[in-house]
Structure formats: C-alpha cells, structure tokens
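Q: Sequence plus the predicted model coming up.
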Amino acid sequence: MMESKSPVCNTCGEDIGVKPNGEFFVACHECSFPICKACLEYEFKEGRRICLRCGNPYDENVLDDVETKTSKNQSTSATHINNTPQDSGIHARHISTVSTIDSELNDEYGNPIWKNRVESWKDKKDKKSKKKKKDAKATKAEEHEAQVPPQQHMEEMQPNTEAAATDVLSVVIPVPRTKITAYRIVIIMRLIILALFFNYRITHPVDSAYGLWLTSVICEIWFAVSWVLDQFPKWSPINRETYIDRLSARYRVFSEPSVAYSARNSTYLDKSLSKLCRFEREGEPSQLAAVDFFVSTVDPLKEPPLITANTVLSILALDYPVDKVSCYVSDDGAAMLSFESLVETADFARKWVPFCKKYSIEPRAPEFYFSLKIDYLRDKVQPSFVKERRAMKRDYEEFKIRMNALVAKAQKTPEEGWTMQDGTSWPGNNTRDHPGMIQVFLGYSGARDIEGNELPRLVYVSREKRPGYQHHKKAGAENALVRVSAVLTNAPFILNLDCDHYVNNSKAVREAMCFLMDPVVGPDVCYVQFPQRFDGIDKSDRYANRNIVFFDVNMRGLDGIQGPVYVGTGTVFRRQALYGYSPPSKPRMLPQSSSSSFCCCPSKKKPTQDPSEIYKDAKREELDAAIFNLGDLDNYDEYERSMLISQTSFEKTFGLSAVFIESTLMENGGVPDSVNPSTLIKEAIHVISCGYEEKTEWGKEIGWIYGSITEDILTGFKMHCRGWRSIYCMPLRPAFKGSAPINLSDRLHQVLRWALGSVEIFLSRHCPLWYGCSGGRLKWLQRMAYVNTIVYPFTSLPLVAYCTLPAICLLTGKFIIPTLSNLASMLFLGLFISIILTSVLELRWSGVSIEDLWRNEQFWVIGGVSAHLFAVFQGFLKMLAGLDTNFTVTSKTAEDLEFGELYIVKWTTLLIPPTTLLIVNLVGVVAGFSDALNKGYEAWGPLFGKIFFAFWVVLHLYPFLKGLMGRQNRTPTIVILWSILLASVFSLVWVRINPFVSKTDTTSLSQNCLLIDC
C-alpha cells in the first residue's frame, strides 16, 4: 500500500493542505494546478482570479471550509520520497484527472497487460540505471565540491521560499473585468435582440416580394450563425507575459517523470520530484533545449534567394546557444540556384553572425537592418561600432551583387542542364525525377566564424522525387525535414518558418521556451504560435493584409480556451506532439474513427464496431506495447536492436528506419548513443526517399497532415483533438516578420488558396463537425472555432445573394421588409446599436484600431464575393469530378515607386463577380432615382431604405474599386467588358420579368389595342 504525501504548492513550496473531508485542496478543478490556500488568497486579493496554468477562472467558493495541514517532515519530504521506494509522491497535476480517467480506461477496455508492461519496463530500467547513477553521483559529487564553494552549495540545496516564488517563467494576465464583463453582457443582449428580430422577420413576410423576402431571411439566418461561430470563441480572451531572464536564473523544475502503479485505486501516479536548477551557468554547457529550424522554399525565381538568405542569416544569428540551433533549408524544387545561394549565405554568415552578437543589433536580417531609417549611433558606446558597421554594409552589398548574379545566370536554363563546379551534372536538373540530396554547410565540424567561434548547423535538404509518387507539396517537404532532423540532430523542439519570414526578435526562441520548458505549463503544450507581422504594406492597409483582427482578437480569444490555431509559420512545435503522442497529463485512449461515432457514456458491454475501427484499435494497442518494449533497446546489440524494431508496429507507423524509430523514443532529444555517426548521412538520405512514407502513418496521424492545401489548420486540429493545448505568444517586439502580397489580384489568390483548403477539410473525414467527438478532448468552444475556420467560405453564397438584393429592389420597386411599425423600428434600432457596441467594446479590450476593424469588414465582403465563392465551386468540382481548376495571374512590370505593386492591375477571373455587383448596384441606384422622380413625392420614403442598402454594398467594395482603377484608371478592358455585359444582361432579365408597369395595366392596354380596327 502506498502513502501519498501532500502535494507542494508551486508558488511558495509549502504543502497545499487538505480539506475537512480529508481530500487535498484543489483550487482549479480543470487542471488541478497545485497552489495552497494562502497563495490563492493572495492571488484573489491582487485581483488575479484565473488559473496560471490553464487560464480558466477559479471557483469563487473554493476558499470556503478549508483547513491547512502541515506535514511533520516538511523540510525533508522531497528527500524522503526520493530515497524511500514504498513512498511514491503524487503530483498535484494528476491527482484529480489521471486517477479517475485511468480507472475508467481500465474498466472500459479491461487492459491488465498495461500494468504488467509498465512495471516490467520500469523494473528493467531501474536495475540498469542504478549502477550508472551510483558511479555518476560519486564522480559528480567530487567535481562539484571542488568547483562550487560550500556556501553556494548549501544555498542550492536549501532554497528559501522567496527564491521559489520567482520560478514562474510566464503568467496569464486576464482582460480586466471592467472591460470583459460589459463585452459579454452586450453579446448576450445581441443574441436576445437577434432572436426577437428573426421572430419578427419570419412572422411578417412580404407578400408582394415573397421570393426576395425569403432569400433575405435565409441569408440573415446564415449570417447570424456565422457571427455566433466567430463570436463565442472570443468569450475569454487572455494575455500572457514571459520572463526570459529567469531562463538563466534558478527556478523550480521537475525531474524526469516516472510511473508507479497504485494498488489502492488501480491508477498510475506520477513520481516527478521538485528541485531547483539553472539552465545557463557561466563556464558550463547550456541546459536550454535544442531547436531545429525548418525553412521551406520551392521556386527561387518566385521566392527570391536573397529573401531566403536573410531568413537563414537571422536564424544563425539568434541569441541562443549555437550548439542548440540547427537550420534545415528544404529545396523542394531541387534548384541549383537555391544550393549555390545557400553556399554564399553560409560564407557570409561567418562575418554576419559575430557582428550581430557583438553589438546585439536588431533585427538580425541584414536587408532589413540596413534599411532601417534610424540613428544607428544611438546607444552604441563602442567606438569601433561605426567602423565595423560600414565595413559590414560593404560586405553585404558585395554579397547582394553575388546573389543577384546567380539569379541572373539562372534565368535561362542550358539545354544540357546545370553543371556544378567540379564538372558533374546537377542531380536536380529534372525537378520531377531526381535523387535525395543533403549537404551540411556549417556545424560542429564545419567552418567557424571569422573570430574562430562555433556556428549553428546549416543543412541543405532536397527530398527524392520520382514519377508515380504523391509528394504532398509543402506538407510532404515538412515531414521530410522532420525525419532528416531527427536522424542528424533530433532537437526536442521544431520551429518552422516560411522562406520570406525572418527573425525580427533575436530572443524569440527564449520567449517560446518560457512556455515549453516550464515544468507546470510546458508538458501539455504542443506548440507556441507567434502572430504574423508584415513589412512593406501600405499605411492604409487597403486589403487588410496585416490581418490585425484575426491575430490580435481571435487568436487571443482562442488562447483562453485550448490555444490558437496553427497558422503555418512562426510556430515552435514539440517534436513528440508531431509524432502523434498524447500529452503526458492525459490518459492513453483508443484513436478516433474516421467516421462520426458518438459515445455518450461508457458501458460494460462494448458496442458493435466497424471492422476498420477494430483494426485501428488493435493497431494502437500493438503500438503501445512496442513503446515499452523499445525502452530496453540499450540492452541489445545493434543486430538484436534492429530485429526488435522490425518485429514491432513502429515500422508500420514511422517507416523502415531503426535510427529514426529509436530517436522518436528520446523525449528530450539528442542522437542515440548507439548510432554510428558515419552512417547518419546515409540514413538521412534513406528517410527522404520518395517511397519511405508508403504504408505508414505519415500524413495521416503523425507529422504534417495531408488532405488539404492548408495543412497548417489540419495539423493543429489533430493535435488539439489528442488533448494537447497551444500557447499564443505576443512579445512587445514582434518575433517574426514577413512579406505579404499588396496587389489586389495576388491578395485574392492568396485568400482563394486558404478558402479552398477550408472547403477541402469540410469535405474530408477530418471535418471538425464530427471528427474527434468520441474522444472528448477538444473543448466545445475550440471545436466551434475550428468549425468556423472551415465553413466561412460557404458564407459567400448568401453574401453574393444579399449584395444583389439592393439592385433587384431598386430595379423592381419592391423591398424585402414590410412597412415598419414602432416595435419593428425599435428592433432594428436595437440590432444596429448592439452591433456597434460589440465592435466598440471589442476594440476596447483588444487595442485594435477602428480603421483595422473597418478594413477587415470591407475585405470580408470583397473576399466573400470573389475568392470564397470560387473556392466553394472549385472544392466541389475537385471532389465530385476530380477537376483541379487553376486561376492564373498575368503580371505586369512593377513601377519604380514606393508601393508600386499596389497599383498594378492583373487580369484574373476573381475580379468579375465583385465588379459585376458594383455595376449592378450603381445601375440600380440610378434606376431607383429615376423611378422616384417619375412617381413623385410618395416614392421617396421607401427609396431611402433601398438606397442605404445599395450604398452599404458599394462602401464595402470601395477598396476593390480603388484597386480596380489602379493609379491611372488602367482597368483591363476584358474586366470592363465582362462586367458591363453581365450587369446589362442581369438588368434586362429583371426588367423583362418584372416590368415597371403593372400587369393589370398591361392587360387593359392590350385589350384596348384589339378594339382598334387597323
């Protein structure tokens, strides 16, 4: 029998105490964050009533009827637990969740093999490690006593509570109650007003324009549902603050978790022990976690090599230990230009990296650093700085000349193909049929900088491509980098960047580590997402390229639930999460079926399952067994190890690579000791072969998920379904900056790609409407947010219809709303006021400007009636007929002016629908005024409502109209012709169907004509 000690408060280090009923005091019933009553009272007194770990608010009655019990041997409790095998400490994080859920799993699935496997695995591991630990402790004790002064040694052994209280690496800062309460009240009021509004709209049809009325009501109901899906995930927004200086200071961490089986309640307990340590000490190796950077590029002629080079240079110059940074550049186009530009980049990095670190400059991308219009002499006390800066700028200009020369040379491909400097043919001359290529430029054994210091590792990777294989575009390239990096460096964390996103904040990785390496918050975090910020956008942000509302409002709201969605770049991943593992605080569960299966409550009698579900369940059990068997790999020689791996289901999941499979078991990263370094490159080439992923789980359950061109949304969604949470990090200095298309046509095509990916997810088995419902690990507000990300393109259908209604009403003289009574007027007025108040209060707590909100609203309409509409039809065509329609853009030469690209007009079919809507509504306005002039004073009253409706459409499409005109009204003739043609046909059809003269007058007129004797 096991005696459980009282868990320790994470803030003060004291026991958290027990309640009168003998149960441990639990402040947060959501995550069981360990905090005592005294610290909780202090948090309440300071106005912080939200859990530091999960962000959920504390229960107001949690402090009632609690009495604190203090353990007798408080000062030696940790030592006693560590040295006494029968006393296994219970970690507070798992006290209320793992105990109950694990017992349910045992009852539901009846899996006694789990206990035996865990115990046998742990026994073998303990026996093997005891001897090593004894020898290592004796050696380390002697060295430590010789190097560390006795007083310092005692200080580390017995830390005081004040030092322990400063171990927090990040805190959750909730939005002030005065702001968020009013915001929530207005949302509820708006819901009530909407219900009353729809009650009136449905019970008061317009008989004279029944079709128009019905269309408008259907559109308005869809808009209301869309608003609910977008609004409620913003119910609990939060802010976060990090303390990167504490990464180098002493703070509380937890030792490597161990598992113990409790016979009392048939549960598994976490025996992690609390201790104090430092990540960085002067003169000692850094204990910060290693990070592998992924940079992806495809076509160097469309993605300038100079931009990619700046991204790589900013990574190599990070404020992070050089031995902890590795940069992998994926060249998915196998272009010799990309390879040669990376050679030049590696050579220039030998000068650039020491310069950045010597003077701590920001940003560390040379193109953007030298373009800053600031006084670079400010705050620089070194007299040599001016001289070295000028020399470095000259070196960079020479570097740019060499890069531009390479680009100019690559404009025309030789008939015989490209040839390398040694005279051999470039292996990637055929971009669709070439072998895998890997080249390590910098690193531990590579070139050093000009001062003789070590540089981070830089690796060029181009995966193998052969005809007949599906390569899955960017997602496949990212998965290839996952395997290559696992073989060569195997850092526990991965940061992926687009080639045009450079590191703007050299401490960005440290910001992420404040969450990922936090012993309380970190274990359940799958990734840390940074907001996207952009350079080179016009001041007015005409086409909402900055996406301020999404990144500063929606993402902060999601951070208060289960975390932000993955947006494709600027993300630090936990490698284990990419491998499909569940978070450590969650019990193991069977995977979800691809079909929609709902299980409301567990029953003793198992329901009937599909054969595919039974197969997947058996496969997961086999995989779990393999995990614990492979824990003993070190007990076998190389041949036995490879045999053991081949006999398990790991090869069916991760592929046929013993080195890679062994690396997946190393939670803290690092290359396995049993691997021969001379064979690593050969093994890395093997894992990027085009047939490696066949009959494996790559792209299905592990790595970047296939099935949509927006693989980022799908990958993050799968992680959240497994129970992971993500973190949104918004440092004061933006972590990363990139470039965005400011041209109208390019911007619409970007939005088209995103919308098409959402439609593909909606039509796939991963649709958030039903996928993962049986697991219960995805919070319902988080699911609502994911549903919103996949259904928003379908809003284009009612939006186009709604934007057409004003023109129809003006041309036909009819309206969608009957004559308003006093009550109806109050409802409409209340609805408008609630919409305005919601926006104002949202601006108040988020800090977003009203101009950004209005630009976002305008482009929602512009994108909805163009790119989203095409995405819906293209998605259904792709699913039903297998047609993959591409909308090409023909570019023109950019003007040599600031934001010259903003005024370029490129022909694309996406321009036709919004242009047609503009012309139709303008024609309707003219027709409406003409009709009112003919009918007299009585027609002016109803006209104002229709005119307001039409001008609402025109105002939202105004940025589109400005972009269509260009700088000198150079609208393409084909756009004008198509738009006028469609507008004319539409107007004539409606005039023919509903002429301005009534049907009665027409009949009488025809009868009078018949009486005339011609």
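A: That came in fine, so what should we check first?

Q: didn't residue 659 look like it was pressed against residue 676?
A: No - using Cβ atoms under 8 Å, residue 659 makes no contact with residue 676, being 9.1 Å away. All C-beta spots, glycine's among them, are computed from the backbone N, C-alpha and C.

Q: More neighbours: which of the two?
A: More crowded of residue 659 and residue 676, by other Cβ atoms under 10 Å: residue 659, with 24 against 10.

Q: Might you report the residue contacts of the closest residue to the more buried one other than its chain neighbours?
A: Spatially, and ignoring its direct neighbours in sequence, residue 659 is nearest to residue 683 (4.7 Å; Cβ to Cβ, 6 or more residues apart in numbering). When contacts are counted by Cβ atoms under 8 Å, 6 or more residues apart in numbering, residue 683 touches 487, 657, 659-660, 675.

Q: What about those, which are in helices?
A: Those of the contacts of residue 683 mapping onto helices are 487, 659-660, per DSSP state H.

Q: Need those in JSON lines (columns: distance to residue 195 and pLDDT).
A: Shown next, in JSON lines, are the ones in helices among the contacts of residue 683 (distance: Cβ to Cβ, whole Å; pLDDT from 0 to 100):
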{"residue": "487", "distance to residue 195": "59", "pLDDT": "92"}
{"residue": "659", "distance to residue 195": "61", "pLDDT": "87"}
{"residue": "660", "distance to residue 195": "56", "pLDDT": "89"}
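
Q: neighbouring contacts of the host helix or strand of residue 714?
A: Here residue 714 sits within helix 711-721, counting by DSSP states H and E. The contact list for helix 711-721 (Cβ under 8 Å, 6+ apart) reads 474-475, 478, 526-527, 562-563, 565-568, 577, 592, 701, 703-705, 707-708, 726, 757-758, 761, 766, 768, 771-772, 775, 777-778, 782, 786, 789-790.

Q: So which other helices or strands are in contact with the following helix or strand past that helix?
A: Using DSSP H and E, the helix or strand that follows helix 711-721 towards the C-terminus is strand 725-728. With contacts defined as 3 or more Cβ pairs under 8 Å, 6 or more residues apart in numbering; DSSP states H and E, strand 725-728 has these neighbours: strand 525-529, helix 555-559, helix 711-721.

Q: Among the contacts of residue 683, which one is most surrounded by other residues?
A: Result: residue 487 is most packed of the contacts of residue 683 (other Cβ under 10 Å), 27 neighbours.

Q: Identify the residues contacting the residue nearest to that residue when sequence neighbours are not counted.
A: Closest residue in space to residue 487, ignoring its immediate chain neighbours: residue 684 at 4.6 Å, by Cβ to Cβ, 6+ apart. With contact set as Cβ under 8 Å, 6+ apart, residue 684 has these partners: 438, 483-484, 487-488.

Q: Contact partners for residue 686?
A: Shown in contact with residue 686 (Cβ under 8 Å, 6+ apart): 657, 692.

Q: what's the neighbour count on residue 835?
A: When neighbours are counted by other Cβ under 10 Å, residue 835 registers 15.

Q: what does residue 390 give?
A: Neighbours of residue 390 under the rule other Cβ under 10 Å: 10.

Q: Repeat that for residue 341.
A: 26.

Q: give me phi/psi at the residue nearest to residue 411 when sequence neighbours are not counted?
A: Using Cβ to Cβ, 6+ apart and skipping residues adjacent in sequence, the residue nearest residue 411 is residue 301, 7.7 Å away. Backbone geometry at residue 301, expressed as degrees, to the nearest 10, gives phi -80, psi -30.

Q: same deal with residue 170?
A: Given degrees, to the nearest 10, the pair of backbone angles that residue 170 has is phi -160, psi 150.

Q: Is it bridged to anything, and to what?
A: Here residue 170 sits in beta bridges with residue 242, going by DSSP bridges.

Q: Could you pull up the residues touching it?
A: Residues counted as contacts of residue 170 (Cβ under 8 Å, 6+ apart) are 240-243, 514-515, 518, 521.

Q: how near is it to residue 28?
A: When distance is defined by Cβ to Cβ, to the nearest Å, residue 170 is 16 Å away from residue 28.

Q: Repeat that for residue 331.
A: From residue 331 to residue 28 the distance is 47 Å (Cβ to Cβ).

Q: same check, this time on residue 518
A: Relative to residue 28, residue 518 is positioned 16 Å away (Cβ to Cβ).

Q: Other residues contacting the helix or strand harbouring residue 947?
A: Assigned by DSSP H and E, residue 947 falls within helix 940-956. The contact list for helix 940-956 (Cβ under 8 Å, 6+ apart) reads 803, 805-807, 809-810, 815, 817, 857-858, 861-862, 917-918, 921-922, 924-925, 928-929, 931-932, 961.

Q: redo that, cut-off 7 Å
A: Helix 940-956 is contacted from outside by 803, 806-807, 809-810, 815, 857-858, 861, 917-918, 921, 924-925, 928, 932, using Cβ atoms under 7 Å, 6 or more residues apart in numbering.

Q: what does stretch 491-499 give?
A: 289-297, 303, 307-308, 311, 326, 478, 485, 509, 516, 569-575, 578, 667-669, 736, 738.

Q: now do 8 Å
A: Under the contact criterion Cβ under 8 Å, 6+ apart, stretch 491-499 has outside partners 289-297, 303, 307-308, 311, 315, 324, 326, 478, 482, 485, 503, 509, 512, 516, 568-576, 578, 667-669, 736, 738.

Q: now do stretch 285-294
A: Contacts to stretch 285-294, defined as Cβ under 8 Å, 6+ apart, come from residues 247, 277-280, 315, 320-321, 323-328, 330, 478, 481, 485, 489, 491-497, 509-510, 513, 516-517, 572, 668-670.

Q: For burial, what's the neighbour tally of residue 221?
A: For residue 221, using other Cβ under 10 Å, the count is 15.

Q: I should have written residue 196 there, sorry.
A: Counted by other Cβ under 10 Å, the residues lying close to residue 196 total 14.

Q: Excluding chain neighbours, what is closest to it?
A: residue 827 (5.8 Å).

Q: Please report how far that neighbour lies from residue 459.
A: Relative to residue 459, and taking Cβ to Cβ, residue 827 is found at 64 Å.

Q: Compare those two and say which is more crowded by neighbours.
A: Legend: neighbour count by other Cβ under 10 Å for residue 827 and residue 459, higher for residue 459 (24 against 20).

Q: Quick check: which element contains the more buried one?
A: Element membership for residue 459 (DSSP H and E) is strand 457-462.

Q: among the contacts of residue 684, which two are most distant?
A: Greatest spatial distance among the contacts of residue 684 (Cβ to Cβ): 438 and 483, at 11.4 Å.

Q: picking up where we left off before, any of the contacts of stretch 285-294 buried? List them.
A: Neighbour-count burial within the contacts of stretch 285-294 applies to 247, 278-279, 315, 320-321, 323-328, 330, 478, 481, 485, 489, 491-497, 509-510, 513, 516-517, 572, 669; the criterion is 16 or more other Cβ atoms under 10 Å.

Q: Give me the subset of the residues you listed that lies in strands.
A: The strands, defined by DSSP state E, take in 325-328, 330, 493-497, 572 from the buried ones among the contacts of stretch 285-294.

Q: TSV for the residues you listed, including pLDDT and distance to residue 358?
A: Shown next, in TSV, are those (pLDDT from 0 to 100; distance: Cβ to Cβ, whole Å):
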residue	pLDDT	distance to residue 358
325	93	18
326	93	23
327	94	21
328	95	26
330	93	31
493	96	27
494	95	29
495	95	24
496	94	29
497	94	25
572	96	26
